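Please find the sequence and the predicted model below.
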Amino acid sequence: MPKVPLWDLPELPNNQLPLHLQLQKTRVSCNNDAPTNTEDITYSGAYASMGVDNSLRLDEFKKNFKVQVIKLNEEDMEFDLVGIDASFANAFRRILISELPTMAIEKVLVAYSSSVVQDEILAHRLGLVPIKVDPRLFDYMSENDVPNEKNCIVFKLHFKNERGSGERRTVYSHDLKWLPFGSEYLLPTESSSDPMSKKKTYTSFTSSQDTLPEFSNNPITVTPGIIISKLGPGQEIELEAHAVKGVGKTHAKWSPVATAWYRMLPEVILLQDVEGADAETLVKKCPVNVFDIEDMGEGRKRATVAQPRACTMCRECIREPGWEEKVALRRVKDHFIFTIESTGALPPEVLFTEAVKILEDKCARVISELS
């Protein structure tokens, strides 16, 4: 196995580990056959024989922990989490996927549908349409709660393709219309003594949702452009869809992220100078343009690592014999590149802060249980 250089590691105090052990502790070596040093060394006495305390210290954690935003827009966010264990990064990912609440369509009242899409499939497709509204403005609704303006959102869909059109028409998600006054369908009842019983609807809104300050200038909408169904000439869909608050661990339709994932920061090290034809060969080997060629003057060319962050560890650069002696691939164990892709209900930066709050509550609950 080729020797891996240590000069890129920071200088360590006298009471710390030797550089070769520090490399094994903090880096995953991605060799041609398999990665090595993949385990996390968390036991406090792992290096006791060398007089080194490996226990977690809060002051060092505060010093080393960093969050750096790399990219941010309305749909996704990429940031670096530095100085944490993989278990915390994974806990953060699971919170984003399954524990952040959103609003999603739970009940569909189909008045009429002649579409080829079955009612169950139609309801399932509607449930997966992201609703652009802040779920923090709504309450959870239990089985015993009555739908009202604070725990339910009602949409109406009425789309008809006239028989004489002669063409197939597509029903999109933006054809859903928000009903701020609640349901327009009457609730069937067996009671005949109450003259008002036949006028009750499926929801009991005491006020219109568009009169609330948070919705007066910001109407509730859904993500547009999602295909719901296709109707032939003479076909029609008429229904009401009721959305409630929930979390992703109950059903994926309540998950606020399209995906949330992370990877360890890649490190690409040139063990020796790669010049001339070898430099051009190395550049061509990499499919994501990690390497570049530097002009050294007098006709000399040398390979350089231009974009180590883009490396996917495909190992094409070390796959052929002899190249492991020239290139070393590693991953940093406590540096994670995290990506959040929002479905549209909340901006990704808000999802990040809300996930941090949930993680903080979990930690506080554990501390209270231990005390």
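Cool, got the structure. Residues are numbered from 1 along each chain as shown.

When you work out contacts or count neighbours from here on, use the C-alpha atoms and nothing else.
OK.

any idea which helix or strand carries Lys362?
Secondary structure assignment for Lys362, by DSSP states H and E: helix 348-370.

Flag every buried residue along that helix.
Along helix 348-370, these residues count as buried under the neighbour rule (16 or more other Cα atoms under 10 Å): Pro348, Glu349, Leu351, Phe352, Glu354, Ala355, Ile358, Leu359.

Tabulate the residues you listed (JSON lines), appending pLDDT.
Formatted as JSON lines, the buried residues of helix 348-370 follow (pLDDT from 0 to 100):
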{"residue": "Pro348", "pLDDT": "95"}
{"residue": "Glu349", "pLDDT": "95"}
{"residue": "Leu351", "pLDDT": "95"}
{"residue": "Phe352", "pLDDT": "95"}
{"residue": "Glu354", "pLDDT": "95"}
{"residue": "Ala355", "pLDDT": "95"}
{"residue": "Ile358", "pLDDT": "95"}
{"residue": "Leu359", "pLDDT": "93"}
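
now, which of those residues sits nearest Tyr262?
Phe352 (13.5 Å; Cα to Cα).

Next, find the distance separating that closest one from Val290.
Distance of Phe352 to Val290, given as Cα to Cα, to the nearest Å: 29 Å.

For Lys253, see how far away Leu359 is.
Where Lys253 is concerned, Leu359 sits at a distance of 22 Å (Cα to Cα).

need the strands for the stretch 201-350 of the chain, in chain order.
Under the criterion DSSP state E, counting those that start in this stretch, the stretch 201-350 of the chain carries strands at the ranges 221-222, 227-231, 236-246, 257-270, 291-297, 300-305, 327-342.

Thr102: which of these is closest?
Using Cα to Cα, the strands of the stretch 201-350 of the chain put strand 236-246 closest to Thr102, at 5.6 Å.

Residue nearest the middle of the chain, spatially speaking?
With distances taken as Cα atoms, centre = their mean, Ala260 lies nearest the centre of the chain, 2.3 Å away.

Can you name the residues bridging to the spatially closest residue to it that is not a sequence neighbour?
Closest residue to Ala260 apart from its sequence neighbours, by Cα to Cα, 6 or more residues apart in numbering: Ile340 at 4.7 Å. Beta-bridge partners for Ile340, by DSSP bridges, are Met77, Ala260.

Report the contact partners of Ile340.
Listed by Cα atoms under 8 Å, 6 or more residues apart in numbering, the contact set of Ile340 reads Asp76, Met77, Glu78, Val257, Thr259, Ala260, Trp261, Pro348.

Tell me the most packed of those residues, by neighbour count.
Among the contacts of Ile340, Val257 has the most neighbours (other Cα atoms under 10 Å), with 27 neighbours.

So that residue versus Glu106, what's the distance?
Val257 is 18 Å from Glu106, by Cα to Cα.

Which of the helices or strands spans Asn89?
Not quite, residue 89 is Ala, not Asn. Counting by DSSP H and E, Ala89 is found in helix 86-98.

quick check: mean pLDDT across the helix or strand that comes right after that helix?
In the C-terminal direction, the helix or strand that comes right after helix 86-98 (DSSP H and E) is strand 102-113. For strand 102-113, the mean pLDDT works out to 96.

Report the inter-axis angle for strand 102-113 versus strand 236-246.
Angle, strand 102-113 to strand 236-246, by axes from the mean of the first three to the mean of the last three Cα atoms, to 10 degrees: 160 degrees.

so what strands line up beside strand 102-113?
By DSSP bridges, strand 102-113 pairs with strand 236-246 (antiparallel).

Can you list the neighbours in contact with the partner strand?
101-115, 126, 135, 138-141, 151-161, 183, 254.

repeat for stretch 22-38
Against stretch 22-38 from outside (Cα under 8 Å, 6+ apart): 6, 9, 40-41, 313, 315, 318-319, 324, 328-334.

and those, which are buried?
Met313, Arg315, Ile318, Glu324, Ala328, Leu329, Arg330, Arg331, Val332, Lys333, Asp334.
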